[in-house]
Each structure stands twice: as C-alpha cells, then as structure tokens.
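> Dropping the sequence and predicted coords here.
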Amino acid sequence: MNICVVGTGYVGLVAGTCLSDFGMHVICVDKDKSKIDMLNNGEVPIYEIGLKELIERNVNLERLSFTTDLKMAIDRSLCIFLGVGTPENEDGTANLQYIFDVADDIADSMNDYKVIVIKSTVPVGTAQKLREHIKKRLKKDIDFDIVSNPEFLREGSAINDFLRPDRVVIGSNSEKALAIVRDVYRPLYLLETPIVSTSNETAELIKYASNTMLALKISFINEMANLCDKVGGDVYQVATAMGMDKRIGSKFLHPGPGYGGSCFPKDVSALAKVAEQYDYDFKISKAIIEVNKLQKENVVKKSETLLGTLKDKKICLLGLAFKPNTDDVREAPALYAAKRMMEEGATINAYDPVAMEEAKKDIDGINYFKDAYSACEDVDLVIIMTEWNEFRDLQFARIKDTMKAPNVYDTRNIYNAKTISDLGFNYICTGRPVK
Ligand SMILES: NC(=O)c1ccc[n+]([C@@H]2O[C@H](COP(=O)([O-])OP(=O)(O)OC[C@H]3O[C@@H](n4cnc5c(N)ncnc54)[C@H](O)[C@@H]3O)[C@@H](O)[C@H]2O)c1
C-alpha cells in the first residue's frame, strides 16, 4: 500500500516511519523545508528514542522518503494521513487552520479515490466539516472518504506506543474506507491489538475523553499531594494504595509540578470549548485547567516560602522538557517556573540532557550549563523539574559543596527525603513528609 503522511512532527514522523516498517511505501511531507532537508540528510528534527535507526533502515530499504511536494505525494498514495498540528487558539478552541490548509491542497491535487485519515487531534465534527469543505472545493466529481484515526502515542516512548498500542480507533461512515485503514493496521492483528471501529464523531470524542481523563488523574493526585503537604500525609502511599484498586489503576497517579506538553493543556481546553459550542458546561474540564494552573504556580510559591524571597536569588532548574526522554518544552512546567521566577527577580540556571535548544527558542534569559553539576554551582536552590534518569542518582554531597545555600526542591519526588536531609539540605518535595 502507498501512503502519504502530512506533517513530520512527533506524530507524523513516528507514524510514517512505523508504517514503512510494516512494509508499506510511505512518503512523509512537510511544508517546513528545513525539516525535510534534515531528514533527507539523515538527521532527525525531533528527539525520540530509536527513531533515527528506524528511519535509516526504512530509507535504505526504499520504503520511506521525505518531500515538500504534497501534490506528488497525493498522486502516489491511496491513504493520506494528516499529522499536522492543531494548537490552541487564544480562546481555548483548537486551531484547525493547518488541517484545512492541507485539505485545500488535497482537493486541488486529487485525481482519483483517496482515503483521508485524520490522525491529528481534532474536535468532534471536524471530519464532517472537512468532508463538506473538500467536496465544495473539488473541481471534478471525485469520490473520497474521511477516517478519524486519533493517535495515542506518548512522546518519549512514541515508537513502542505506535507499534504496540493498547488499541487502534478508526471512525468513518464508509465501510470501504474502514476496510482500507484496517488493512493498514493489519500487522498489529498479530499482537491481537483491539481495533475499535466507530463513527467519525465517536472516534473524535474518544481522543479528547482519553486525554482529559489522564489529565484529571494527574490533577487529582496533585490536589491530594497539596492536601498531604498540609496535613502531613504521604501522597506516595496514598497513590500506591489507591492504585491497588483495579477500578482506579496505578498509572498517572504521580504528583508533580503540573502537566505540560503539546497535548493535555490544549485538549482539555478544547473539550471544554467544544462542549460550550453545544451548550453544555463541561465543569470537570474547567476544574482540571484551573488546578493545573495553580499547580504550576505552586512551584513558585513553595520556592519563595523556602527562600523567604526570590529576589536576587540564583535558582537551578534540573530538567526543562515537560517529561523525560523528549526535547518537547511546549507548556513545560519548568519554563513556566523560569519565567515566573525571573519576574520575581531571580536568576535562573538550567540544565536538560536534550531540551535546551528547544527552550532557547521559547524563553530568553536562562543561563544554560553543560551538566547538572556545573548548573548547581553557586545557587541558592536546586529544583528537580523533570525526572530524567540522569537526575535520579546525583552526588548531592558534591553538589552541596558548590552551592551558595543547601536547598533542594524535588518536585517529582525522586529522592528519599531522609537521605537528602541527612546530608544537611533543606529538602522539600510534593506531598510527602520530609522528616
Ligand atoms: N505530540 C504528541 O505526543 C501527540 C500525541 C497524540 C496526538 N497528537 C496530535 O497530533 C497532531 C500533531 O502533533 P505533533 O506534536 O506531531 O505536532 P508538531 O507540531 O510536532 O508537527 C506538526 C508538523 O506539521 C507540519 N505542517 C503544518 N502545516 C502543514 C502543511 N500545510 N503541509 C505540510 N506540513 C505541515 C509542521 O511543519 C510540523 O512539522 C496534533 O493534533 C496533536 O494534538 C500529538
């Protein structure tokens, strides 16, 4: 099968590469020429474990190629996967401009039957709108179908998630199109991956429902952690015991500095907005947004309480990515903390194993360092913002000797409080007793 994937970001590039690894011929398209040039030179524009090797293998087998020429890619493909961004508009709705731009190009280039597969996260009703939009724009009477196929991969484990998903959701009103897309995912049948076939609308809703539920779990445990801080409880034990209840499950019950990334913030917001458009007040979505905002600000507040004031203090942030194993800093709690703390008059040092270049594009004024130890020199406070593996076994005795004041804030609870306190640090964390 010949496939074209539009958008070579985290979703498009991973999906395109993995589909080529299934044996399909895949052309990946992006309008960003610099990304395509990098890919054609054997470089990978995003950080994702194992991706470079997988791209190399499939390019060498001539199953995977990269271009900016969408028309050529459409001509050669039966299925056109859309993996372009759907960022948040200022009012919280999803910005569908990139989706509709590609739809225009598809309508202008299409010569025979195509299946347009929406992999991007889009609000309920988008497939229907896209169908009408393309129909109106087509100059000839050409048949096409739209399939909603939301993606559930996580940055940092994207390839594994794509190749071994918990489920594949495909929604369409066309049996023919469903059969074609089921065929694309046929290699996953061997792993007995459930394929859930629905209408377009239901598939669109499933994605928002899933992300909002995950954001809810994180926000719930963050609020429990805040309460534990006040009453002296241990959120780790609360979460562990809660997770033993199979109805609840143990995943996504790790408290921290608030969720970030390119998905949860915009998707929770878009669900609230889409509900509003249908005259439904989705109260939980709004509460999640509010709780997460407060949780990010909480990092600033707790640091201020620890230091007395942030003015003229030097603070080291360890980790900038919104989670480990990615260079994505979109909506990262670390960048929020850096901005707010600089506003309060602090100087920010930072180190992240891979996300510093991305952070530089987003924020000015941070001092970057080549490793955790040099970033911690002469600072009043070290804050662990991202639980990268390399921060899990830092030599704190060595760090203490070079700091101005021995303060550690472990927002991700990766250290044993007693071990760090016994070294003479003022240690704070998220929802666990320190003494
Ligand atoms: N990142 C994730 O973890 C994740 C997971 C699941 C779903 N999603 C969803 O998938 C979609 C894509 O997310 P992403 O993180 O991969 O985005 P991204 O911003 O990393 O990549 C999007 C790419 O699309 C390209 N693009 C935009 N308009 C184009 C056009 N007209 N023609 C060709 N290329 C075009 C951009 O240049 C960019 O390279 C979003 O809707 C997102 O919500 C993301």
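Ah, there it is. Since the model is a prediction, treat every value here as computed from it, not as a measurement.
> which residues sit against stretch 216-227?
With contact meaning Cβ atoms under 8 Å, 6 or more residues apart in numbering, stretch 216-227 is reached by 233, 235, 238-239, 251-256, 258-259, 264, 284, 287-288, 291-292, 295, 298, 430-431. Backbone N, C-alpha and C define where each C-beta goes, glycine included.
> Now, the residues you listed that are in helices?
Taking DSSP state H as the definition of helices, the contacts of stretch 216-227 contribute 235, 238, 239, 264, 284, 287, 288, 291, 292, 295, 298.
> which residues sit in contact with the spatially closest residue to residue 374 that is not a sequence neighbour?
Nearest non-adjacent residue to residue 374, counting by Cβ to Cβ, 6 or more residues apart in numbering: residue 351, 7.5 Å away. Residue 351 sits next to 316, 317, 318, 368, 369, 370, 371, 372, 374, 375 when contact means Cβ under 8 Å, 6+ apart.
> Give the other helices and strands that the host helix or strand of the second one contacts.
When elements are assigned from DSSP states H and E, residue 317 belongs to strand 314-318. Using 3 or more Cβ pairs under 8 Å, 6 or more residues apart in numbering; DSSP states H and E as the contact definition, the elements that strand 314-318 packs against are helix 333-343, strand 347-351, helix 372-376, strand 381-384.
> quick one: the helix ranked longest in the chain near the ligand?
Longest helix in the chain, counting residues (DSSP H): helix 200-231. No - Helix 200-231 is not in contact with the ligand by Cβ under 6 Å from any ligand atom; minimum separation 7.4 Å.
> wait, which of the helices and strands packed on strand 314-318 is closest to the ligand?
The ligand lies closest, by Cβ to the nearest ligand atom, to one member of those: helix 333-343, at 16.5 Å.
> Alpha carbons of the closest one, as CSV, please.
Output in CSV follows, covering the C-alpha atoms of helix 333-343 (Å, rounded to 0.1, in the frame of the first residue of the first chain):
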residue,chain,number,x,y,z
PRO,A,333,6.1,23.5,34.0
ALA,A,334,9.9,24.2,34.1
LEU,A,335,9.6,27.1,31.6
TYR,A,336,6.6,28.5,33.5
ALA,A,337,8.6,28.4,36.7
ALA,A,338,11.6,30.0,35.0
LYS,A,339,9.5,32.9,33.6
ARG,A,340,7.7,33.5,36.9
MET,A,341,10.8,33.3,39.0
MET,A,342,12.7,35.7,36.7
GLU,A,343,9.7,38.1,37.0
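> who touches the helix or strand where residue 241 lies?
For residue 241, the element it lies in under DSSP H and E is helix 235-243. Contacts with helix 235-243, where a contact means Cβ under 8 Å, 6+ apart, come from 221, 224-225, 228, 248-251, 253-255, 413, 430-432.
> from those residues, which is closest to the ligand?
Nearest to the ligand among those, with distances taken as Cβ to the nearest ligand atom, is residue 251, at 16.4 Å.
> Give me the number of neighbouring residues for that closest one.
As a burial measure, residue 251 scores 9 neighbours (other Cβ atoms under 10 Å).
> My read is that residue 268 contacts residue 213, right?
No - contact criterion Cβ atoms under 8 Å: residue 268 and residue 213 do not qualify, at 10.0 Å.
> Among these two, which residue is more densely surrounded?
Neighbours of residue 268 and residue 213, each counted by other Cβ under 10 Å, are more numerous for residue 268; the result is 29 against 13.
> any idea of the pLDDT on the more buried one?
In this prediction, residue 268 carries a pLDDT score of 97.
> for it, helix, strand, or coil?
With DSSP: H, G, I helix; E, B strand; the rest coil as the basis, residue 268 sits in helix.
> Name the stretch among the helices and strands packed on strand 314-318 that sits most buried.
Highest mean neighbour count among those (mean count of other Cβ atoms under 10 Å): strand 381-384, with a mean of 26.
> Let me see the residues that make contact with that strand.
So strand 381-384 is in contact with 299, 303, 306-307, 313, 315-319, 337, 376, 391, 399, 403, 405, 407-412, 414-415, going by Cβ under 8 Å, 6+ apart.
> how about 6 Å then?
Outside strand 381-384, the residues within contact range by Cβ atoms under 6 Å, 6 or more residues apart in numbering are 307, 315, 316, 317, 318, 376, 391, 407, 408, 409, 410, 412.
> Let me know the closest of these to the ligand.
Nearest member of the contacts of strand 381-384 to the ligand, counting by Cβ to the nearest ligand atom, is residue 412, at 19.5 Å.
> need the contact list for the closest one.
Here residue 412 is in contact with 256, 384, 387 (Cβ under 6 Å, 6+ apart).
> Can you lay out these as CSV showing pLDDT and distance to residue 49?
Output for the contacts of residue 412, formatted as CSV (pLDDT from 0 to 100; distance: Cβ to Cβ, whole Å):
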residue, pLDDT, distance to residue 49
256, 98, 21
384, 98, 21
387, 97, 16
